[in-house]
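Undergrad: my questions are about this predicted structure, shown below with the sequence.
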Amino acid sequence: MQADATGDYSDGVMRLEISHGGVLIGRWVIRARRVSDVQRAMLVEGWRVELRKTTAGGSRWRGRATRPQQ
């Protein structure tokens, strides 16, 4: 399954949301010393997330989330 991922990084915390077709699948909070530590993350539920900084800058990140079919 593939879905959209968005994140906000601030003060050592990435707040991550995964959605598919406008429906929220889940929210996670990941502690990270640097944002590069969570640009590629593997969540407990099996989601693999890859994020890139948006052109608007700031703390907003967007990307894709994938989870193998079970």
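TA: Noted; the coordinates are in hand. Residues are numbered from 1 along each chain as shown.

Undergrad: next one: the residue nearest to Arg40 when sequence neighbours are not counted from Gly12, what distance?
TA: If the residues on either side of it in the chain are set aside, Arg40 comes closest to Glu50, at 5.3 Å by C-beta to C-beta, 6 or more residues apart in numbering. All C-beta atoms are positioned from the backbone trio N, CA, C, and that covers glycine. When distances are taken as C-beta to C-beta, to the nearest Å, Glu50 and Gly12 turn out to be 20 Å apart.

Undergrad: tell me the pLDDT at the residue nearest to Arg40?
TA: Each residue has a pLDDT score; the one for Glu50 is 93.

Undergrad: bridged to it, which residues?
TA: When bridges are called by DSSP bridges, Glu50 pairs up with Arg40, Arg64.

Undergrad: ok, it - how many residues close by?
TA: Other residues near Glu50 come to 13 when the count uses other C-beta atoms under 10 Å.

Undergrad: show me what the helix or strand bottoming out on mean pLDDT in the chain is packed up against.
TA: When the helices and strands of the chain are scored by mean pLDDT, DSSP states H and E, strand 40-42 comes last with a mean of 87. In terms of contact count using 3 or more C-beta pairs under 8 Å, 6 or more residues apart in numbering; DSSP states H and E, strand 40-42 is assigned the packing partners strand 48-53.

Undergrad: which parts of this structure are strands?
TA: In the chain, strands defined by DSSP state E lie at 2-10, 13-20, 23-31, 40-42, 48-53, 60-66, listed in chain order.
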